[in-house]
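Asks: the sequence isn't on hand, but the structure is:
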Ligand code: TRP
């Protein structure tokens, strides 16, 4: 497909479909497969799922449209796109800070994301050795604890994952990603269906289904809202200009609303599917749904250990999870990478290696959170891992998203937004304005303030 309105200096997706694939590659990752199930488990199940769905469609989708449209209008790294738009439309230069904030969030997220992705790499090895064949629950739990308890091994896997990511990034986001996404994403989907099939026949499916969809108001707290909204940002890769950087490579003739809806549906579908595969195993084996970050690394090996051809499926599964994690990791670095390349005329590969090394060092805090420093807390209650995770997911991403929504709704001229989105009729335009200009910012602000300071609701803040 040819590009009419001038392309991006970093390359272009060769069609609308490749953008969908790349954006799905960014969205679908450890957030769906590892994080969503354990957050659902430790936040009461159905209440979390419902609020998650609500925030995905009311807040996430409009925000995703905003990011992509700003990127496509600017055609540069998020920072330079914002700079350009601010200058063109004579807006305050402060808006550019959003991009700085996003680049920082991306590096912080990648620092721990790559640690967990390193776990998945190690599980490829374990699976290929048949380590879980016929394994008991206790064995699966001990294997997880022994592995994460070994800082050297985890540190090496963490380095390995970052090295792999850097290799892909060096080829450029467009070239490096297209083949990966084209082959691995569909395969991952097929394997998820196999897992789901196992979950459905395992005997725990009914309980799992109830746990996820039997909604009770009394389970909802302000923190459920905050966690669910943070997760919807995380899973759609929002709030740190990541989708803005991908938006810069989208052909001018692709429809943004249609594309974005597809991305949100696929990503949400994967999250739900994985959980419907994981929770039956949890209930059948008497495990705790709220057992935390280890959930997937205990339940899925158990499931594989008990199904025919389990070692093979398990091997393939963790391989695909690692690929899904790489395609997400790449997208986290893209805003910083594209900016540094533009600004300093630096070589892509050199910037990629530097970012990889920086992330490895920051990630050591997370590596040690599961062993040597497991008793060390940053703020009195959270390990380094839990602290960075909460800071990024529940604070930095929502704040970033809020600012992006406000910029798009109130600072960009109507004709720019309208032509980017291709919305011509008054009705849909009004709906869009209402969502991005009022509903989204208002919900994000309320959820964040009440989630961080629940005392405001019962007036006990001063005591
Ligand atoms: N969405 C990815 C996942 O679910 C992670 C991810 C990629 C991300 N890019 C991001 C999260 C940008 C936040 C911001 O695994």
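Replies: Now that the structure is in, tell me what you want to look at. These figures come from a predicted structure and were not determined experimentally.

Asks: could you use CA atoms for every contact and neighbour count after this?
Replies: Noted.

Asks: quick check: residues of the stretch 1-150 of the chain near the ligand?
Replies: Counting by CA under 6 Å from any ligand atom, the residues of the stretch 1-150 of the chain lying close to the ligand are 26-32.

Asks: turn these into a markdown table, including secondary structure and neighbour count.
Replies: Output for these, formatted as a markdown table (DSSP: H, G, I helix; E, B strand; the rest coil; neighbours: other CA atoms under 10 Å):
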| residue | secondary structure | neighbour count |
| --- | --- | --- |
| 26 | helix | 27 |
| 27 | helix | 28 |
| 28 | coil | 29 |
| 29 | coil | 30 |
| 30 | helix | 24 |
| 31 | helix | 23 |
| 32 | helix | 26 |
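
Asks: mind putting those into CSV with distance to residue 147 and pLDDT?
Replies: Listed next are those as CSV, based on distance: CA to CA, whole Å; pLDDT from 0 to 100:
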residue, distance to residue 147, pLDDT
26, 27, 93
27, 27, 95
28, 25, 94
29, 22, 95
30, 18, 96
31, 21, 95
32, 22, 95
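
Asks: now the residues you listed in CSV, with distance to residue 321?
Replies: Formatted as CSV, these follow (distance: CA to CA, whole Å):
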residue, distance to residue 321
26, 12
27, 13
28, 9
29, 7
30, 7
31, 11
32, 10
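
Asks: from those, pick the one nearest residue 125.
Replies: The closest of these to residue 125 turns out to be residue 30 (CA to CA; 18.3 Å).

Asks: tell me who's in contact with the closest one.
Replies: 113, 117, 321, 324-325 (CA atoms under 8 Å, 6 or more residues apart in numbering).

Asks: leaving out chain neighbours, which residue sits closest to residue 363?
Replies: Once flanking residues are discounted, residue 363 sits nearest to residue 111: 4.3 Å by CA to CA, 6 or more residues apart in numbering.

Asks: the one you found and residue 359 touch, don't they?
Replies: Yes. Using CA atoms under 8 Å, residue 111 is in contact with residue 359, at 4.7 Å.

Asks: which of those two has more residues huddled nearby?
Replies: Higher neighbour count among residue 111 and residue 359: residue 111, with 29 against 24, using other CA atoms under 10 Å.

Asks: pull out the buried positions in the helix or strand where the more buried one lies.
Replies: Assigned by DSSP states H and E, residue 111 belongs to helix 97-128. Of all the residues in helix 97-128, those buried under the rule 16 or more other CA atoms under 10 Å are 98-124, 126-128.

Asks: what average pLDDT does the helix or strand containing residue 431 get?
Replies: Using DSSP H and E, residue 431 maps to helix 426-434. Mean pLDDT, helix 426-434: 94.

Asks: how distant is it from the center of its chain?
Replies: 28 Å (CA atoms, centre = their mean, to the nearest Å).
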